[in-house]
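> Sequence and predicted structure below; questions after.
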Amino acid sequence: MLPSISCGDLYLQADNGLRIRLGDAALAASKRSAATTDDDLAFLANDGATDTEDRRFEHPLGLVDFRVDGLGEAGQSINVVVPLAVAIPAAAVYRKFTLADGWQTFAPGAGDRTASAPLLASGDCALPGDPRFLPGLNAGDRCLLLTLTDGGPNDADGQQNQQVVDPGAIGLALPDDEPALTTPANVVISAESGEGSPLNDADIQAFLAGATCTDFIDGILVPSANSTVIDLDTATDLPLGETSITFSCTNSGGNAVSADGTVTVQDSTSPAFENLTSFAIESRTAVSASDPDITAHFAAALCTDAVSGAVTLTFDLPATFPLGSTPVMLACADDAGNTSMLSVNVTVVEPAVSPDTGDGAGCFIATAAYGSTLHPYLGQLRTFRDEQLLQNAPGRAVVHSYYRLSPPLAEFIHDNDLLRAISRAVLAPLVIAVISPNAAATIMGMMLVAFALRLVLRATDQPGRGRPAGTSLKTRV
Ligand SMILES: [Ca+2]
Ligand SMILES: [Ca+2]
């Protein structure tokens, strides 16, 4: 017989003819009884045991470690009665430890089984085969009967070698709660295009890797991240909008936990203006908003957005632009409501060469043709220029062309009586038209004069006499 506990008079009993001794762990721990502890199993490390911890069971009665040999034949089943110092708790199972598989719940069948019985009135346990032994581990019993087969699943040496090796323990399953999962805070990512945001964006990757999972038995677990919207393993972009991500983890007991988080990809960048700057117009009077140069300038304005397919560009022009600088505020909004504002100044400046000197200095050709700035026709022509031509864009264009082209020609004809006479003849229809109230005919006359001037200039071909090129103004005057 083998002492079952370290003190007292409880002894393990095996079938007659068998020899029962201390198991390897009990021996290594210098125990004098089969009663050992989980810590004693560490001594089996030298025998190749790699994992001696029974993570999901506790052993309230400690371990029993024995070896039975002297079997008559290999593969034989044997009985061992183990007296227990305390009663079997409810819901207990028998746990077996093997070098190969660590701790496992006792596997019945193939001749192996467990049974239990109360102590006899004498304080001893009944012998194997006694009908008071009932199958399984029955709460309150003090006697455990193990039927083990040499080389069977509950023989720790795993061999049919005419000996059976323990250890084992009465085990109670530990509370097996699900692991604790924490999810990262929801994040909002700025979209980079209409496709959304690249999945490899650092902030998105940090979010996907941001969940933590811990299990009181398994320790730290690595949660998984999945989405029902996209395949996170193959997708390249996270789409615009809110994407739900499900984090989950499962402990070694099969208990799973999951929780959701969201990544929101949104357009958070404002649209950008293109082709729009402040500009100036030369005019001696206010310029209408319908002036072709003004409408063309604002019509060329572009507003683009990297994410939104469409943008809305709005601005209000005043009816007229007075002399000086007038700001025009433009607003552009994308589909997400991001708005950009831009202020553009439209500056109306008086022409660098003023036609309104009153002495006829601006009427170069006419002055040269008529020989005096005081000639009455010059007054008529100036009045027509100021009150008719300079009040509209085409008229201003005609005046500008006249001032650009006429000075060298006036100088050329000034000292030539023949050319002056020709000039007066050419101007005659214009003077007549000006004197008459028919403005349309007058404009046509002026245009004919401008055309004639161009022909004369080309014919005379006097290089170096033109007005120096280059102007600080962006647009025509
Ligand atoms: Ca064996
Ligand atoms: Ca945008």
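Yep, that arrived. Ligands and ions are numbered 1, 2, ... in the order given.
> pull the CA atoms of stretch 135-145 into CSV?
Extracted in CSV, the C-alpha atoms of stretch 135-145 (Å, rounded to 0.1, in the frame of the first residue of the first chain):
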residue,chain,number,x,y,z
PRO,A,135,-19.6,5.3,-11.8
GLY,A,136,-18.1,8.8,-12.1
LEU,A,137,-17.1,11.2,-9.3
ASN,A,138,-20.0,11.6,-6.9
ALA,A,139,-20.1,14.6,-4.6
GLY,A,140,-19.5,13.8,-1.0
ASP,A,141,-17.6,10.5,-1.5
ARG,A,142,-14.2,10.0,0.0
CYS,A,143,-13.1,7.0,-2.0
LEU,A,144,-12.0,7.2,-5.7
LEU,A,145,-11.7,4.1,-7.8
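> Other residues contacting it?
79-84, 86-94, 113-119, 125-126, 128, 133, 170 (Cβ atoms under 8 Å, 6 or more residues apart in numbering). Bear in mind the C-beta positions are built from the backbone N, C-alpha and C, glycine included.
> if I look at Gly151, how far off is Gly23?
17 Å (Cβ to Cβ, to the nearest Å).
> again, but for Pro271
Pro271 is 80 Å from Gly23, where distance means Cβ to Cβ.
> what's the answer for Asp233, then?
50 Å.
> what about those two, which has more around it?
Between Asp233 and Gly23, counted using other Cβ atoms under 10 Å, Gly23 has the larger neighbour count: 27 against 7.
> Give me the helices and strands touching the host helix or strand of Arg420, please.
Taking DSSP states H and E as the criterion, Arg420 maps to helix 417-435. Contact partners of helix 417-435 among helices and strands, from 3 or more Cβ pairs under 8 Å, 6 or more residues apart in numbering; DSSP states H and E: helix 364-370, helix 376-387, helix 393-413, helix 439-460.
> For the third one, buried residues please.
Meaning helix 393-413. Neighbour counts over helix 393-413 (16 or more other Cβ atoms under 10 Å) mark 393, 395-403, 405-410, 412-413 as buried.
> just checking, what packs against that helix?
Packed against helix 393-413, as judged by 3+ Cβ pairs under 8 Å, 6+ apart, are the following elements: helix 364-370, helix 417-435, helix 439-460.
> what angle separates it from helix 376-387?
For helix 393-413 and helix 376-387, the angle between their directions (axes from the mean of the first three to the mean of the last three Cα atoms, to 10 degrees) works out to 150 degrees.
> Can you tell me how far the closest residue in space to Ser116 that isn't next to it in sequence is from ligand 1?
Distance criterion Cβ to Cβ, 6 or more residues apart in numbering; nearest residue to Ser116, sequence neighbours excluded, is Asp141 at 3.8 Å. When Cβ to the ion, to the nearest Å is the yardstick, Asp141 and ligand 1 sit 27 Å from each other.
> and Gln104, how many neighbours?
Other residues lying near Gln104 total 15 when counted by other Cβ under 10 Å.
> so it makes contact with Thr98?
Yes - judged on Cβ atoms under 8 Å, Gln104 makes contact with Thr98 at a distance of 7.1 Å.
> what's the helix or strand for the residue lying closest to Asn186 once chain neighbours are set aside?
Once flanking residues are discounted, Asn186 sits nearest to Thr262: 4.7 Å by Cβ to Cβ, 6+ apart. For Thr262, the enclosing helix or strand under DSSP H and E is strand 256-266.
> gap between the following helix or strand past that strand and the chain center?
Under the assignment DSSP H and E, the closest C-terminal helix or strand after strand 256-266 is strand 272-274. With Cα atoms, centre = their mean, to the nearest Å as the basis, strand 272-274 stands 25 Å off its chain's centre.
> Quickly check: strand 272-274 near ligand 2 or not.
No - under the criterion of Cβ under 5 Å from the ion, strand 272-274 makes no contact with ligand 2; the nearest approach is 9.1 Å.
> what packs against that strand?
strand 302-304, strand 339-349.
> and that strand, which residues are buried?
Using 16+ other Cβ under 10 Å as the test for burial, strand 272-274 gives Phe273.
> try stretch 191-198
By neighbour count on 16+ other Cβ under 10 Å, the buried set for stretch 191-198 is Ala191, Glu192, Gly196, Ser197, Pro198.
> what residues does stretch 203-211 touch?
So stretch 203-211 is contacted by 181-185, 187, 189, 197-199, 223, 225, 232, 238, 245, 247, 249, 259, 261, 263 (Cβ under 8 Å, 6+ apart).
> which residues does Val265 contact?
So Val265 contacts Val188, Ile189, Ser190, Ala191, Gly196, Ser197, Leu238, Pro239, Leu240, Gly241, Thr243 (Cβ under 8 Å, 6+ apart).
> what's the spacing between Thr264 and Ala256?
Distance of Thr264 to Ala256, computed by Cβ to Cβ: 27 Å.
> Repeat that for Glu411.
Using Cβ to Cβ, Glu411 is found at 99 Å from Ala256.
> re earlier: just the angle between the helix holding Arg420 and helix 393-413, please?
With the same axes, to 10 degrees applied, the angle from helix 417-435 to helix 393-413 works out at 160 degrees.
> Just the buried positions in helix 417-435, please.
If you call a residue buried by 16+ other Cβ under 10 Å, then helix 417-435 has these buried ones: Leu419, Arg420, Ser423, Arg424, Val426, Leu427, Leu430, Val431, Ala433, Val434.
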